[in-house]
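S.K.: coords below, sequence missing:
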């Protein structure tokens, strides 16, 4: 490995370290990711001919072409995320998720736990884990007054959201990345991972249900669904909800029918919703003081969390640089040699690592380390890619800082790292291993 390559790796590792200790440095991880991306690619351009099969005279142009090629691949994921975030925000702002609260209402603690677990699991397969977690915590605050009990429910929200996102091609950033890359298909990942993901949620849920006894008491009036005041009729709100959620669900079918990248179908749904809501809000009876302007797509686009989008841009492009200089290929060959090509051990370790570090660069790194094969574990919908989708998503539940869902719930409910590790981590690990065992059984006795 050349000195220049070692320098690129050192820059990436140092940048990743700073991202991991964001809570200590108080520097936004997006800023570090962008610096990391810029520095790694700048170093690469010092000697692009050393990594590309071109002459010195063609090196600069070829290097720029490689960067643009990786940027195009990264942009498909970023546009998908931006569109999905806007659609979810639009549904939420118009009261589309109020039905969740009504459906979950019960006086039984154990019944609420199971309703919440399954509701979170299946909603997170359609929406992103972060949004699902926020919605469920807001609902729990209306249904569970006791803080001690709510910590148990909130912890299960993290596990259920991560498990639900793992079996859906649009349920998690990592599955979106793998799907966009073409290493998994929508039908394949749902068929093979639904049961393992469900097991990974149900095992911790059952163990947690044994700790809950008694009945809940609350003010029934406080649990009634609050309607977002936007001036829209109930019929119009339902149209927005069904267009949004139905559109998200239909994206995999759109890709299958047209062959277009998933972000095209997603942006089609966004454009349709945007047009419909503009027609609704053009009604002169809807006044500006009703909050209509704040609920228009044009306003919501201004409130998109661009720091998250830029973080993904920086990380994915930095990993692409490591792929271009050959580091990821070397690492992949080393892992294959160490574990003799056992995809269960390799992906299992990656899943455990995803509870410590962000799973986005881990999955991006794996996509660069392991080339797509014609047949076997590395083929499209092969065991390696499906296990990677499962492990990277579900593994993040083992520590509260291991996923976006965990971090947001930690902040909303003030769950400490130590409490979660003592009471929940082993439950998440049990579910994680049970799900992998379930996948092994499917592979050997069903599929």
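M.R.: Thanks, I have it. The shown structure was predicted, so the numbers you read here are calculated from the model rather than taken from an experiment.

S.K.: so how far is residue 166 from the residue minimising distance to the centre of the chain?
M.R.: In the chain, the residue lying closest to the centroid (C-alpha atoms, centre = their mean) is residue 172, at 2.7 Å. Computed as C-beta to C-beta, to the nearest Å, the residue 172 to residue 166 distance reads 6 Å. All C-beta atoms are positioned from the backbone trio N, CA, C, and that covers glycine.

S.K.: again, but for residue 310
M.R.: 25 Å.

S.K.: Pick out whichever of these two has more residues nearby.
M.R.: residue 166 (33 against 18; other C-beta atoms under 10 Å).

S.K.: what's the model's confidence in stretch 69-89, averaged?
M.R.: For stretch 69-89, the mean pLDDT works out to 83.

S.K.: got it, and stretch 175-183?
M.R.: Computed over stretch 175-183, the average pLDDT equals 83.

S.K.: Relative to the whole chain's centre, how far out is that stretch?
M.R.: 12 Å (C-alpha atoms, centre = their mean, to the nearest Å).

S.K.: same thing with stretch 127-137?
M.R.: The answer for stretch 127-137 is 11 Å, by C-alpha atoms, centre = their mean.

S.K.: which non-adjacent residue is nearest residue 252?
M.R.: Distances taken as C-beta to C-beta, 6 or more residues apart in numbering place residue 186 nearest to residue 252, at 3.5 Å, with adjacent residues excluded.

S.K.: circling back to that earlier point, find residues that contact each of residue 172 and residue 166.
M.R.: Jointly contacting residue 172 and residue 166 under the rule C-beta atoms under 8 Å, 6 or more residues apart in numbering are 392, 393.

S.K.: Okay, buried residues for stretch 428-435 please.
M.R.: Buried residues in stretch 428-435, defined by neighbour count with 16 or more other C-beta atoms under 10 Å: 428, 429, 431, 432, 433, 434, 435.

S.K.: and those residues, which of them are in strands?
M.R.: Using DSSP state E, the subset of these located in strands is empty.

S.K.: just checking, residue 265 touches residue 251?
M.R.: Yes: using C-beta atoms under 8 Å, residue 265 is in contact with residue 251, at 4.4 Å.

S.K.: how close does residue 213 get to residue 112?
M.R.: 13 Å.

S.K.: Over to residue 418?
M.R.: 26 Å.

S.K.: the more surrounded of these two?
M.R.: residue 112 (21 against 9).

S.K.: what's the following helix or strand after the helix or strand encompassing that one?
M.R.: Residue 112 belongs to helix 109-123 when assigned by DSSP states H and E. Per DSSP H and E, helix 109-123 leads on to helix 129-143 as the next helix or strand towards the C-terminus.

S.K.: Thank you kindly, that will do.
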